[in-house]
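Q: pasting the structure only:
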């Protein structure tokens, strides 16, 4: 794994990527710019190439001090004009959870803005400040699970979507890891009675800010779509089951991330006690968490012993039920949804087999994946995947199968249960375009669709390369996402096939590649065989 600094010195980065990073960063420091009035005061942004950008806007008060492990509070109003030209703090997080773990091709997308507990900030890109424009709003929830990331990544920049598609884009920072998802409500202390799902409550506070302020940015507060990838897709999915979020968004898009179930309360309380134990604290000493440094708390998140899982908790209050188990949450039955994955999600992660694989190794890996399956069942699965993709090598089939067993399994189940509601349309996609970077060995890796959705392929050449095939695909995908945000229907003139809603009979799926086409149940038989042998419905 090449370190980030060395990677940026490569000929690709030095010739294409590095100058673009410098250009983006230079745009963060103007001397004047557009001014708008928000509910807490005036802010000054940046006007560039027909797009107004406002960064680091506080939608909540600092979560440091007395605000630590408490639900978000409104920010304090200010006088004068506050500069909104620089990214605000990201949530406290372990840098080791991202840097050196993800591919360097993606790692360079991180601007590495400072972190801190005053992290409840958001960014807005808009092509107009005219209230009468009433543009649709797309609120992006970043990936990184529930433990890392920010809304400031280069690939999340909303300039092109705003400029080319007449939409207002918002990206959000919220509390992560223990700061956002440590469940202290089960420990019995009155002070922490509401310490549950704080990171998601932060996002809800950001959506309330959008409701109250986004009209000033030329947008329609009644036409909000939330969308996110990986952990962001999980956040989208869990918000659909949270009563406090009801009415704050009209549509939802989950990319390569689902939240079929949340964490049970007992498990979440056990996690909290394990976390306290790493700090030599007992459950009745949780108030001492307020006296420890940010770094001490972060260090405890990666202590020895069983790992601590951070994520939404089914607490019976802020999240009353599992979002998509045993059925899709009824409170969002009227919310149209788009959902999908990329073909080889797992090539984003370390220690993957990227080189050629012989038949014996392939068989052994599949047997390990299926655990209790017989050799005959292993060969059944391999034969099914080979039949569906007869031109693919063993390594390709293994990476696709691994992705189907993880990311795609949750997405498919969530989509099926959403489709069962029949109250609102559900659209499914499958992204199969292969990146040429690293001699094509990363194939269709987790996060690869993001530059196409945001129409940022030129700013993300470390991920997409520089081929002429990128922009036509970006045109189709970004227009589909915006069309869905605008009307709840992703169809537009650039798509050859009509993208019909998904149902559990036809299973219509838009396959995005050089040739974008609607297919019925693509590769469905092998995926369902794999799920059945893994003991999944």
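A: Looks like it arrived, so ask away. As the structure is a computational prediction, the values presented were derived from the model and not from experiment.
Q: What's the local residue count around the residue nearest to residue 408 when sequence neighbours are not counted?
A: Of all residues not flanking residue 408 in the chain, residue 341 sits nearest, at 4.7 Å (CB to CB, 6 or more residues apart in numbering). Backbone N, C-alpha and C define where each C-beta goes, glycine included. A count of neighbours around residue 341, defined by other CB atoms under 10 Å, yields 31.
Q: quick one: contacts for residue 341?
A: By CB atoms under 8 Å, 6 or more residues apart in numbering, the contact set of residue 341 is 255-256, 403, 407-408, 411, 430-431.
Q: Neighbour count, pLDDT and secondary structure added to the residues you listed, as TSV?
A: What follows is those, written out as TSV (neighbours: other CB atoms under 10 Å; pLDDT from 0 to 100; DSSP: H, G, I helix; E, B strand; the rest coil):
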residue	neighbour count	pLDDT	secondary structure
255	27	98	strand
256	29	98	coil
403	24	98	helix
407	23	96	helix
408	26	97	helix
411	26	97	helix
430	19	98	strand
431	23	98	strand
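Q: And the residues you listed, which two are furthest apart?
A: Greatest spacing in those, by CB to CB: 255 and 403 (13.6 Å).
Q: Who are the contact partners of the nearest residue to residue 311 once chain neighbours are set aside?
A: Leaving aside its sequence neighbours, residue 311 sits nearest to residue 146 (CB to CB, 6+ apart; 4.7 Å). By CB under 8 Å, 6+ apart, the contact set of residue 146 is 176-177, 180-181, 199, 231, 234-235, 310-312.
Q: Most neighbours of all the residues you listed, which one?
A: Using other CB under 10 Å as the neighbour criterion, residue 176 leads these with 30 neighbours.
Q: that older thread, okay, the contacts of residue 341 in CSV with distance to residue 138 next?
A: Putting the contacts of residue 341 into CSV (distance: CB to CB, whole Å) gives the following:
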residue, distance to residue 138
255, 12
256, 17
403, 26
407, 22
408, 24
411, 20
430, 21
431, 18
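Q: Show me which residues of stretch 508-517 are buried.
A: Going by neighbour count (16 or more other CB atoms under 10 Å), the buried part of stretch 508-517 is 508-512, 516.
Q: Show me which helix runs longest in this structure.
A: Ordering each helix of the chain by length in residues (DSSP state H) puts helix 470-487 first.
Q: so where's the stretch 1-150 of the chain uncertain?
A: Within the stretch 1-150 of the chain, the stretches with pLDDT under 70 are 1-31.
Q: okay, and the helix or strand of the protein with the least pLDDT?
A: The helix or strand of the chain with the lowest confidence, counting by mean pLDDT, DSSP states H and E, is helix 11-12 at a mean of 34.
Q: picking that back up, look up phi and psi at the residue nearest to residue 311.
A: Residue 146 has phi and psi values of phi -110, psi 20 when expressed as degrees, to the nearest 10.
Q: what do you get for residue 105?
A: Note on residue 105: backbone dihedrals following degrees, to the nearest 10 are phi -60, psi -30.
Q: Return the residues in contact with it.
A: 7, 435, 437-438, 442, 462-463.
Q: Disregarding flanking residues, what is the spatial nearest neighbour of it?
A: Using CB to CB, 6+ apart and skipping the chain neighbours, the partner closest in space to residue 105 is residue 462 (4.6 Å).
Q: Ok, residue 486 next?
A: Nearest one to residue 486, counting by CB to CB, 6+ apart, is residue 136 at 4.6 Å.
Q: can you check residue 470 too?
A: Leaving out its chain neighbours, residue 470 is closest to residue 457 (CB to CB, 6+ apart), at 4.3 Å.
Q: Helix, strand, or coil at residue 37?
A: strand (DSSP: H, G, I helix; E, B strand; the rest coil).
Q: All further residue positions should be reported with the first residue as 25.
A: All right, first residue 25 from here; so that's residue 61.
Q: If it is in a bridge, with which residues?
A: Taking DSSP bridges, one finds residue 66 as the beta-bridge partners of residue 61.
Q: Pull the number of nearby residues for the residue nearest to residue 494.
A: 23.
Q: on that earlier part again, could you dump the buried residues of stretch 532-541 to CSV with distance to residue 509 and pLDDT?
A: Listed next are the buried residues of stretch 532-541 as CSV, based on distance: CB to CB, whole Å; pLDDT from 0 to 100:
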residue, distance to residue 509, pLDDT
532, 20, 98
533, 20, 98
534, 16, 98
535, 21, 98
536, 17, 98
540, 18, 97
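Q: which residues in the stretch 75-224 of the chain form strands?
A: Counting by DSSP state E, counting those that start in this stretch, the stretch 75-224 of the chain has strands at residues 75-82, 105-107, 145-150, 159-165, 192-196.
Q: Next, give phi and psi for residue 333.
A: The phi/psi pair for residue 333 (degrees, to the nearest 10) reads phi -90, psi 130.
Q: wait, what's in contact with it?
A: 287, 291, 295.
Q: from those, which would you call buried?
A: By neighbour count, with 16+ other CB under 10 Å, the contacts of residue 333 hold 287, 295 as buried.
Q: Now, the contacts of residue 333 that are in strands?
A: Counting by DSSP state E, the contacts of residue 333 place residue 287 in strands.
Q: Columns distance to residue 519 on top of the contacts of residue 333, output as CSV?
A: Listed next are those as CSV, based on distance: CB to CB, whole Å:
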residue, distance to residue 519
287, 38
291, 43
295, 44
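Q: Identify the residues contacting the closest residue to residue 264 other than its chain neighbours.
A: Spatial nearest neighbour of residue 264, chain neighbours left out: residue 356 (3.9 Å); criterion: CB to CB, 6+ apart. Residues in contact with residue 356, defined by CB under 8 Å, 6+ apart, are 264-265, 270, 276.
Q: so which pair among those is furthest apart in space?
A: The span of the contacts of residue 356, defined through CB to CB, is set by 270 and 276 at 12.1 Å.
Q: and the two? which has more neighbours close in?
A: Taking residue 270 and residue 276 together and counting by other CB under 10 Å, residue 276 has the greater number of neighbours (25 against 15).
Q: quick one: strands adjacent to the helix or strand encompassing that one?
A: Remark: residue 276 resides in strand 275-279, with elements defined by DSSP states H and E. Take DSSP bridges as the rule and strand 275-279 pairs in its sheet with strand 243-253 (parallel), strand 361-366 (parallel).
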